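have a look; sequence and predicted model below, questions after that.
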Amino acid sequence: MKISTKGRYGLTLMISLAKKEGQGCVSLKTIAEENNLSDLYLEQLVGPLRNAGLIRSVRGAKGGYQLRVAAEEITAGDIIRLLEGPITFVESIESEPPAQKQLWIRMRDAVRDVLDNTTLKYLAEYRETNNLDGYMFYI
């Protein structure tokens, strides 16, 4: 399985909205600038996300986008499936030898488990534990 820029940028967009949850609307231009992405490309992604009821758009001077569903209720799997389609590794596994078929099923299930148990809230609040910026070293 390969996640395209559609899935990756869509997830980035949703994480950005989750980080600003409860703070009003965020423009696509702001999200694009913060993440070094194309705002024109992001515009193509908001349609499916809005149609699925995950985000809402607000017009006007203070308009933009915001989550329609709470960040803890949206999973990475929801976003990836919406933008990328079903999560599969091999097409037509029924014709595969039993051992290989079992491998593909286990791989698919493991990826689904990770995606379906990783919430947008978790991703928005994630901090790198190996970040050394906050440590003082003495020699």
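That came through fine. Numbers count the residues shown, from 1 in each chain.

touching the lowest-mean-pLDDT helix or strand in the chain from outside, list them.
Evaluated with mean pLDDT, DSSP states H and E, the helix-and-strand set of the chain has its lowest mean pLDDT in helix 98-116, which scores a mean of 92. Residues outside helix 98-116 that contact it (C-beta atoms under 8 Å, 6 or more residues apart in numbering): 1, 75, 76, 77, 80, 87, 88, 89, 90, 93, 94, 96. In this view, the C-beta of every residue, glycine as well, is placed from N, C-alpha and C.

just how off-centre is that helix within its chain?
Taking C-alpha atoms, centre = their mean, to the nearest Å, one finds the center of helix 98-116 at 20 Å from the center of the full chain.

cool, stretch 94-105 as well?
So, by C-alpha atoms, centre = their mean, the centroid of stretch 94-105 is 29 Å from its chain's centroid.

downstream of the least confident helix or strand of the chain, the next helix or strand is which one?
helix 120-125 (DSSP states H and E).

the strands in the protein, which residues?
Secondary structure of the chain, counting by DSSP state E: strands at 55-58, 64-67.

find the one among the ones you listed with the highest mean neighbour count.
Burial among the strands of the chain, expressed as mean neighbours by mean count of other C-beta atoms under 10 Å, is greatest for strand 64-67, which shows a mean of 20.
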